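Q: Curious how this folds, go ahead:
(4 chains)
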Protein chains: 4
Amino acid sequence: MIIILKENPDPAQLESFMAWLREKNFDIHESSGESHKILGLVGDTSSMDVDLISALDIVESVRRVQEPYKKANRKFQPEDTIIKVANTQVGGGNLTIMAGPCSVESEEQILKVARAVKASGATMLRGGAFKPRTSPYSFQGKGVEGLRLLSLAKKDTGLPIVTELMEIHQLEYFEDVDIIQIGARNMQNFNLLKEVGKQDKPILLKRGMSATIEELLMSAEYVMSEGNERVILCERGIRTFETATRNTLDLSAIPVLKKLTHLPVIIDPSHATGKADLVPSMAIAAVAAGADGVLIEVHNDPQHALCDGSQSLRPEVFDDLAKKLFKVHEVVSKF
Amino acid sequence: MIIILKENPDPAQLESFMAWLREKNFDIHESSGESHKILGLVGDTSSMDVDLISALDIVESVRRVQEPYKKANRKFQPEDTIIKVANTQVGGGNLTIMAGPCSVESEEQILKVARAVKASGATMLRGGAFKPRTSPYSFQGKGVEGLRLLSLAKKDTGLPIVTELMEIHQLEYFEDVDIIQIGARNMQNFNLLKEVGKQDKPILLKRGMSATIEELLMSAEYVMSEGNERVILCERGIRTFETATRNTLDLSAIPVLKKLTHLPVIIDPSHATGKADLVPSMAIAAVAAGADGVLIEVHNDPQHALCDGSQSLRPEVFDDLAKKLFKVHEVVSKF
Amino acid sequence: MIIILKENPDPAQLESFMAWLREKNFDIHESSGESHKILGLVGDTSSMDVDLISALDIVESVRRVQEPYKKANRKFQPEDTIIKVANTQVGGGNLTIMAGPCSVESEEQILKVARAVKASGATMLRGGAFKPRTSPYSFQGKGVEGLRLLSLAKKDTGLPIVTELMEIHQLEYFEDVDIIQIGARNMQNFNLLKEVGKQDKPILLKRGMSATIEELLMSAEYVMSEGNERVILCERGIRTFETATRNTLDLSAIPVLKKLTHLPVIIDPSHATGKADLVPSMAIAAVAAGADGVLIEVHNDPQHALCDGSQSLRPEVFDDLAKKLFKVHEVVSKF
Amino acid sequence: MIIILKENPDPAQLESFMAWLREKNFDIHESSGESHKILGLVGDTSSMDVDLISALDIVESVRRVQEPYKKANRKFQPEDTIIKVANTQVGGGNLTIMAGPCSVESEEQILKVARAVKASGATMLRGGAFKPRTSPYSFQGKGVEGLRLLSLAKKDTGLPIVTELMEIHQLEYFEDVDIIQIGARNMQNFNLLKEVGKQDKPILLKRGMSATIEELLMSAEYVMSEGNERVILCERGIRTFETATRNTLDLSAIPVLKKLTHLPVIIDPSHATGKADLVPSMAIAAVAAGADGVLIEVHNDPQHALCDGSQSLRPEVFDDLAKKLFKVHEVVSKF
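A: You can find the predicted model right below:
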């Protein structure tokens, strides 16, 4: 950690600060520039709080040299984390395809979609039971009944289930759920992260709409620091000025994350783009860029399913896309 | 609500959609452009879900004419909401000054700061007991003990208390708290919003770092739709590409919010800028622009209080700022 | 074009506005909502200025239904534009690989790199002679001498040249240049766009760091409206809050642009990411997503070439990447 | 300047790099952390190119301690720059009010507006003759004729003129112009900056829509490094995700700039907000925050002037605003 002090720092404050640093057993390298004194701290600085230090009157700026996350850090675990989910695996060269409807609506719907995506090669079924909605007046999901329908579809197809948890109390209904999704809006709901860190299920952690990659990894660290190290990271678009897509899918997050962490990385082009016709090329690009999988919205009957949206693919389009994903994955696997 | 259909929509889908709209008792105006058919819906569309409709295959885009929030909407309540808190009022021409430390640390600290800010004219004491921190390894606040210390300071100074609630379960310790703060990271934690919507205390709702003004109002609507209409909105900086400040303080949110809603608007220049030397001018600008108040971090002993940061003002700087705020408020009150 | 009027518009202004619209020979559809009157204009609205209309006192908002660009619009030219450059083609299913150093530095350097990238399969040589630099104290490129060296390399390898034009006067030295690049910072230098619109050479138009896709197309329209319809669009990263990469590469621009325009689309992962180790996966993803080509920085001797940067690939890494790009292109060409 | 090297840098490259640095006569402080070696360079690093150095294979990151601008830097000129323009002054405690129409349209219009704003206390007349427009099909300004009309209004009212220069060749018509405006889209048109750096007129340099404050200062440095040190900086809104305003006015740029530079700072709330009803509160906030002035669009006859927009104030609204600005300026001048 490098600390750049302000010009002419108050000597009493500087002394007090140096004493505080020495107490923490850092090896301190001092170096004086023309205008600024610079401190280099050697030692484990992951528990040091950059905000707190940069907040000091005598400090101009602080720069970490080492990352502030440990359990998620590839430096401390060079080999990829592979997460076993039922009879499939996420990470380690496997292509994970999570597919299903935005919201679970009826037994007929979820069974139809689940069977279709399974036939196309999906490895997991996703579907929303508890839905975070911007408006209190919008449909908030089928809740517990939605989870029951997902279980039915799981029994029918054998596909493991991924679904979103919005609140700690809902955990009691999640027994049959295989992967707990933490949505983008809850990426920094730290109490929820700690709670799922105590669960014995893999966590699909979605990147917040305005979260940096480092913040995503710090949120993964929250989960892991509580004992649950089975975290799957999911990029789903970030908020920018561009309005042609709902959000801007940040595919460069794939190689960045692959360098920084050993955790698997999944891409969600459906929410990122918000438009069905952009989903296939972005899903293909994600796999080509080295993602461990994709999360794709698939609906069955667009005419009657109002909640299925322009971001959802019809089963036949998904089937075509899945074929392409397997082909591209096969090619890039050999790179 | 205006719905622009795609060129050459599928007739069966269109018929099904029109039937669905008619069922909802909207008055539908059709108009055909050179390439696109356009539908104008007349009636109460606040329960209509723009995302759902724009998700339909035949829909090109949807545009609301009326705002999707009702209880927060100035159109339905033209006069300003004034919120009584103990012996002070937020809104209605009053200048609210919430001041205090980032984190409550000790009895000595909170009493010192509380007495100092009261003497300078602050109308409320703010202080963090439960702290949302990006890293699981950072200090997470004093918790329940912090609330106890805030109560002591309240008893001592008579200042009402504002402090952050991170999770529903913490509510049991909030009896003596006067205003419940919902932090920026929880602005779209919809379950938490619903819960505080059932409480009988004013809510200070902070704008998320990447939330639009409309989303902020929709989150206020979540609280209000559960019965608690005493919501105070707080702008605290949005995330942009600029790195000279921690976030970009969006002061234009003041006149925008004043036009759209009757709820009071508070500005937090401390978190927005992240730097003490930028706080005074931004606080003055906020009051000049018509804000109902400001939220200012004040610390006592910078040498020993590591958690107080460069964004916190010393009491003597705060005292000087408060005097200026009252002067500017007096001038602009007559405008 | 849909114009939503404010509630209770001033009758005299409304009358004056309606008269003005009728003069322009639009077919006007009026429709009255509960609170707002809505006008639908039918006719060619591409010359209508949205800003001007939304600026009127009586107008609440304006929404285009038709795109404001014509020559760049796929609706008016459904088939892909294919641009012949020397003995190669951009667009139409060809994979264009523009490669070369950030800056031309010496005869030895440019010849070495040009021969290397040609051997690896690059179809064009790129290299900077006039360099836009943020600081006036930074190296501004070799200028005219740089162009001379590029010509030498072109003669030696047969590769067509792409290089940046910063100012109209430099055109006199561009005789031997095959494609004129307009840099991101000049994307809205409208006088320069008009001038290159009069040239008889293809234009590589880079998207501005904070330009929307529609603005990129409007800038292409500037060039095309002057007669030069050979425009190649280039996405090179947009400015967001994320700092892990220099900019955020917006690969979803590929399918969006492919839908909106017939012009070829090239991706520049070198400038977007700013880091060599992120370039290969992003270049592969770009080709997988349907880009017509990539623009890759390649340097020769990292030890002595200070201007070649961490975003430049060594020739052997580029050679490996080129092989992968051809393989992925072959696979996705059959999709 | 602090250079953090990658872990285990290639020894030959490191040696070559160190030799290169020593050649430049820097005093080099080395310090070795647990994983990374760190170099501190002492000496004048303003001519060092951060991009070039961070581009080296062995470099992890580079951080400036000193700002890269010199002439614009307050450290090298602590006292405020005051710019004399005709009989008025910009900076140094004066309140500059530049007001006038978006576009010059007719003699009648410009005279009416000029007389009105002068009567209200404006110190300069602004008006567009050459207009940068996103669409080639939009009105591009009256050009040379517009400049002639501005001169007439100057002669009539005595107000100095501010107007935009888009291209070097237009300079020949700018003889009677008092301040040359460089628009936001040309903030990094480096050739244009160099050219106006050779002129003997003050420059009003507008911040690019996605330019950082440091980039704005580097662009000022371009002008100043050519000899013209009379630069006025203008914040006019930055591009963010928020859509309630056209851009987000970054008022915190005022105290940030005041700390970093001695140049005067003007705020343009008209372009930033894009809405007339937001302009007054933002103009007042700007003056309260310590801006040296504001740039306000004023139109005369909204019914007939289509180019005057919702962001322009009517003369009577401007008159009321000017009174308020003088009052607030009087109060904050004593702070």
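Q: Point me to the residue of the stretch 1-150 of chain A nearest chain C.
A: A:Glu67 (11.1 Å; C-beta to the nearest C-beta). All C-beta atoms are positioned from the backbone trio N, CA, C, and that covers glycine.
Q: In contact with that residue, which residues are there?
A: Listed by C-beta atoms under 8 Å, 6 or more residues apart in numbering or on different chains, the contact set of A:Glu67 reads A:46, A:73, A:75, A:214, A:217, A:260.
Q: With adjacent residues omitted, what lies nearest to the last one?
A: Once flanking residues are discounted, A:Leu260 sits nearest to A:Arg74: 6.0 Å by C-beta to C-beta, 6 or more residues apart in numbering or on different chains.
Q: Count the neighbours of that neighbour for me.
A: Neighbours of A:Arg74 under the rule other C-beta atoms under 10 Å in any protein chain shown: 17.
Q: A:His262 is in contact with that one, correct?
A: Yes. Assessed by C-beta atoms under 8 Å, A:Arg74 is found in contact with A:His262 at 4.9 Å.
Q: Which positions in the stretch 101-250 of chain A make contact with chain C?
A: Residues of the stretch 101-250 of chain A lying close to chain C by C-beta under 8 Å from any C-beta of the partner chain are A:210, A:212-214, A:238, A:240-245, A:248-250.
Q: Narrow those residues to those that are buried.
A: Among those, the ones that count as buried by 16 or more other C-beta atoms under 10 Å in any protein chain shown are A:210, A:212-214, A:238, A:240-242, A:244-245, A:248-250.
Q: ok now the helix or strand harbouring A:Ala119, how far from the chain's centre?
A: Assigned by DSSP states H and E, A:Ala119 belongs to helix A:107-120. Mean C-alpha position of helix A:107-120 versus that of the full chain (C-alpha atoms, centre = their mean, to the nearest Å) differs by 25 Å.
Q: Buried ones in it, by neighbour count?
A: A:109-118, A:120.
Q: and the residue lying closest to A:Arg64 once chain neighbours are set aside, how many residues sit next to it?
A: With C-beta to C-beta, 6+ apart as the measure, A:Met1 is the residue that lies nearest to A:Arg64, at 5.6 Å, once sequence neighbours are left out. By other C-beta under 10 Å, the residues close to A:Met1 number 21.
Q: Chain D: which of the buried ones among the residues of the stretch 101-250 of chain A next to chain C is nearest?
A: Within those, proximity to chain D (C-beta to the nearest C-beta) peaks at A:Phe241, which comes in at 4.7 Å.
Q: Determine the three-state secondary structure at that closest one.
A: Under DSSP: H, G, I helix; E, B strand; the rest coil, the three-state class of A:Phe241 is coil.
Q: Next one: the nearest residue to it once chain neighbours are set aside, what pLDDT does it get?
A: Once flanking residues are discounted, A:Phe241 sits nearest to D:Arg239: 4.7 Å by C-beta to C-beta, 6+ apart. As predicted, D:Arg239 sits at a pLDDT of 96.
Q: Same question for A:Pro9.
A: In this model, A:Pro9 is scored at 85, pLDDT.
Q: hang on, it packs against A:Lys37?
A: Yes. At 7.2 Å, A:Pro9 and A:Lys37 qualify as touching, with contact defined as C-beta under 8 Å.
Q: What strands flank the strand or helix carrying A:Leu204, and is each parallel or antiparallel?
A: Counting by DSSP H and E, the element that carries A:Leu204 is strand A:203-206. The strands beside strand A:203-206 in its sheet (DSSP bridges) come out as strand A:179-182 (parallel), strand A:231-235 (parallel).
Q: could the ones you listed be laid out in a markdown table, adding mean pLDDT and mean neighbour count?
A: Converted to a markdown table, these look like this (pLDDT from 0 to 100; neighbours: other C-beta atoms under 10 Å in any protein chain shown):
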| stretch | mean pLDDT | mean neighbour count |
| --- | --- | --- |
| strand A:179-182 | 98 | 23 |
| strand A:231-235 | 98 | 27 |
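Q: Now render those strands as JSON lines, adding distance to C:Asn25.
A: Below are the strands paired with strand A:203-206 laid out as JSON lines (distance: least, C-beta to C-beta, whole Å):
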{"stretch": "strand A:179-182", "distance to C:Asn25": "54"}
{"stretch": "strand A:231-235", "distance to C:Asn25": "49"}
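Q: Relative to A:Leu321, which of those strands is closest?
A: Among the strands paired with strand A:203-206, the nearest to A:Leu321 by C-beta to C-beta is strand A:231-235 (18.1 Å).
Q: Tell me which helix or strand comes right after that closest one.
A: helix A:253-260.
Q: just checking, what packs against that next one?
A: helix A:213-225, strand A:231-235, strand A:265-267, helix C:279-288 (3 or more C-beta pairs under 8 Å, 6 or more residues apart in numbering or on different chains; DSSP states H and E).
Q: Now distance to C:Gln188 too, for the ones you listed, in a markdown table please.
A: Listed next are the helices and strands packed on helix A:253-260 as a markdown table, based on distance: least, C-beta to C-beta, whole Å:
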| stretch | distance to C:Gln188 |
| --- | --- |
| helix A:213-225 | 30 |
| strand A:231-235 | 30 |
| strand A:265-267 | 32 |
| helix C:279-288 | 24 |
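Q: For A:Glu214, give me its contacts.
A: A:Glu214 makes contact with A:67-69, C:244, according to C-beta under 8 Å, 6+ apart.
Q: And chain A, what are its domain boundaries?
A: A:2-63, A:83-333 (automatic domain parsing).
Q: Was I right to think A:Leu159 contacts A:Ala153?
A: Yes. The pair A:Leu159 / A:Ala153 is scored as a contact, 7.1 Å apart, by C-beta under 8 Å.
Q: Could you see whether chain B lies near the helix or strand of chain A with the lowest mean pLDDT?
A: Ranked by mean pLDDT, DSSP states H and E, the weakest helix or strand in chain A is helix A:50-54, scoring a mean of 75. Yes. Contact of helix A:50-54 with chain B (C-beta under 8 Å from any C-beta) involves A:51-54.
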